[in-house]
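*Asks:* give me the fold of what follows.
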Amino acid sequence: MAWHDREPVFVRRGRWVYNSRNPVARVLMLLTVAGLVGSYLYVSDQGQWSESELRDAVHGAARDLEAEPRKVYFIYESLIRDAIEATDEGPVSDLVISPTDDGTLSGAVGSATEDSFKIGAAHLPDTYCMRLSPPEPPRSVGKTATVSLTVQVAQGDC
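*Replies:* Below you'll find the predicted structure:
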């Protein structure tokens, strides 16, 4: 059979489609399906944290927060989220950061020595406790505090 006697790869049936009688078109159909499945698996994997990504991101954020004094424009929760996002480890949209009231107090009654946050991902059972000292400074209109943070990270709840 000569090349010009073969079926075309694409035929018009209202729109252009693969011609299932052509062997090249059959291979292209299989490659298309494999490519779509591979793309779906890649995208779904990129949309969730793995345990190692979350661990690395939390510890990397802790190192970044301690690295230098910083002005506190927002609450500590946003500082933590920004530091984790800067690690480029996983999808920040899936991240769960919640402040905890663990009652950590200094010698003076009613004076907190640190703020603690529970960090996890929506679908992972693992959580991390991040403790920041000194506690978040009170808000003043027109003023921003500069703090040198001390950060401790432990696996599990606070």
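*Asks:* start to end distance for stretch 122-129?
*Replies:* 15 Å (Cα to Cα, to the nearest Å).
*Asks:* and stretch 67-76, by the same measure?
*Replies:* First-to-last residue span, stretch 67-76, Cα to Cα: 15 Å.
*Asks:* any regions of the protein where pLDDT drops low?
*Replies:* Applying pLDDT under 70 to the chain flags residues 1-5, 45-47, 74, 102-112, 139-142.
*Asks:* quick one, domains of the protein?
*Replies:* Under the assignment automatic domain parsing, the domains of the chain span 8-46, 51-155.
*Asks:* deepest of those domains, which one?
*Replies:* Most buried of the domains of the chain by mean neighbour count (mean count of other Cβ atoms under 10 Å) is domain 51-155; its value is a mean of 15. In short, each C-beta sits where N, CA and C put it, glycine included.
*Asks:* what's in contact with stretch 78-85?
*Replies:* 57-58, 60-62, 64-65, 70, 72, 92, 95, 97, 117, 119, 130, 132 (Cβ atoms under 8 Å, 6 or more residues apart in numbering).
*Asks:* just those residues: which are in strands?
*Replies:* Among the contacts of stretch 78-85, the residues falling in strands (DSSP state E) are 70, 72, 95, 97, 117, 119, 130, 132.
*Asks:* show me the residue at the heart of this structure, geometrically.
*Replies:* Pro91 (2.5 Å; Cα atoms, centre = their mean).
*Asks:* distance of it relative to Trp16?
*Replies:* 37 Å (Cβ to Cβ, to the nearest Å).
*Asks:* this structure: strands as residue ranges?
*Replies:* Using DSSP E, the strands of the chain run over residues 10-12, 16-18, 70-72, 95-100, 115-121, 127-133, 145-147, 150-155.
*Asks:* show me what the last one is packed against.
*Replies:* Helices and strands touching strand 150-155, by 3 or more Cβ pairs under 8 Å, 6 or more residues apart in numbering; DSSP states H and E, are helix 51-67, strand 127-133.
*Asks:* partners of it in the sheet?
*Replies:* Applying DSSP bridges, strand 150-155 is found paired with strand 127-133 (antiparallel).
*Asks:* try the first one
*Replies:* Paired neighbours of strand 10-12 in the sheet (DSSP bridges): strand 16-18 (antiparallel).
*Asks:* touching, Val11 and Ser20? I think so.
*Replies:* No. Between Val11 and Ser20 there is no contact, the gap being 9.1 Å when judged by Cβ atoms under 8 Å.
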